[in-house]
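Participant: Take a look and give me a structure for this.
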Amino acid sequence: MCRPSCCTKSSGEGAAITAIAVLIGGALIVAKVGPIVARIFHDVIEALVIITLTAASVLACLLMTWLVIRLVRWRNRRRAANRQVLQPVRSATQLPHQTIGRKCLACGDTGTVLRALGSRYQDRPCPVCEPAHRAG
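Facilitator: Residues are numbered from 1 along each chain as shown. The predicted structure is shown next:
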């Protein structure tokens, strides 16, 4: 009652069949779970792209706002530094004919000039002809 060697089952065949079954089962699991995992990774990467673009846009807006504020402040400081209280001065063509023959062009021989002190004006003695009035 011996079996011939070709008909005997070896113990290695059962392990091979088990290994093949495990591989087929793993492949089926990967085939089912793989697209789900790939979709999750795709959604995560897309969310990161959206977050990155939003952060870059916010940063660009902040940078432009900061730059505009700096430019406006610089321009205002420059204007304030260059702002002077200037008084209009009549040219010789705008003066009445009777004032052309006068000696002092600063005060028109009145002896006083208006000086601007901030936003106020004060009568002051004429610096051009005052020495002449004192001398007599």
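Participant: Show me the helices in the protein, by range?
Facilitator: 11-82, 130-135 (DSSP state H).
Participant: how about these in TSV, adding mean pLDDT, mean neighbour count and distance to Ala106?
Facilitator: Backbone N, C-alpha and C define where each C-beta goes, glycine included. Below are those laid out as TSV (pLDDT from 0 to 100; neighbours: other Cβ atoms under 10 Å; distance: least, Cβ to Cβ, whole Å):
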stretch	mean pLDDT	mean neighbour count	distance to Ala106
helix 11-82	91	10	25
helix 130-135	54	11	10
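Participant: Out of the ones you listed, flag the one nearest Leu105.
Facilitator: Across these, Leu105 has its closest neighbour in helix 130-135 (13.2 Å, Cβ to Cβ).
Participant: I'd like the helices of the chain written out as a markdown table, with distance to Cys104 added.
Facilitator: Putting the helices of the chain into a markdown table (distance: least, Cβ to Cβ, whole Å) gives the following:
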| stretch | distance to Cys104 |
| --- | --- |
| helix 11-82 | 30 |
| helix 130-135 | 8 |
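Participant: where's His42 relative to Thr52, distance?
Facilitator: Distance from His42 to Thr52, counting by Cβ to Cβ, to the nearest Å: 16 Å.
Participant: Asp109: neighbour count?
Facilitator: For Asp109, the neighbour count with other Cβ atoms under 10 Å is 13.
Participant: May I ask you to confirm that it is in contact with Lys103?
Facilitator: Yes: using Cβ atoms under 8 Å, Asp109 is in contact with Lys103, at 6.2 Å.
Participant: Find the residues that touch each one of the two.
Facilitator: Common contacts of Asp109 and Lys103 (Cβ atoms under 8 Å, 6 or more residues apart in numbering): Cys129.
Participant: circling back to that earlier point, can you tell me which of the helices of the chain comes nearest to Arg120?
Facilitator: Closest to Arg120 of the helices of the chain, according to Cβ to Cβ: helix 11-82, at 19.3 Å.
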